[in-house]
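Chemist: give me a 3D structure for the following:
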Amino acid sequence: MMDELMEVEEWIEDEEFIEDSWMELEKARGEKVIKCTKKKKLKASKNNSIEELIIIFEDTDNLDIEETYGVKINGKSIIVGQHDRNNTSFKEINVKKLKGKRFLEYVAGQIEDISGPELKLTLAFEKGYSIEISDYSLIEEYK
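Modeler: Down below sits the predicted model:
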């Protein structure tokens, strides 16, 4: 009985993380990128590195033009790129090229890989720009 209760609590915590994560991305939808940075971090628990992406958006929902809104995302791999006109190829680019592009949509899911299930998150921007994130572990407001 106690094990079942702990599983239910863990499931609820996971659901809350997912809802909060999507809420942060929902707030940023439709906003223009002011600044975008990407860096590698060494994970303390293992000798694995993770990547951190910070995107600062113009906050047009507020009436004060000086306001901004930031989102921080951590993942195993973060690739910023641009699709060609026919959407057939994806070319990796520098994150700075996202400046001035409007955030359009995000798609999240889980795919089965040789090493097991992997979480995937794609952020889509104007003019074919997108960010592909694998095994994301954190999506939160950046202040």
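
Chemist: what's near enough to touch Asn86?
Modeler: Not one residue lies near Asn86 by C-beta atoms under 8 Å, 6 or more residues apart in numbering. For the C-beta atoms, the positions are set from N, CA and C on the backbone; glycine is no exception.

Chemist: for Ile114, give its distance to Leu121.
Modeler: 20 Å (C-beta to C-beta, to the nearest Å).

Chemist: which of those two has more neighbours?
Modeler: Applying other C-beta atoms under 10 Å to Ile114 and Leu121 shows that Leu121 carries more neighbours, namely 20 against 5.

Chemist: is it true that that one touches Tyr136?
Modeler: Yes: contact criterion C-beta atoms under 8 Å: Leu121 and Tyr136 qualify, at 5.0 Å.

Chemist: what segments of this structure are helices?
Modeler: For the chain, applying DSSP state H gives helices covering 2-28.

Chemist: for Val71, give the beta-bridge partners.
Modeler: Beta-bridge partners for Val71, by DSSP bridges, are Ile55, Glu141.
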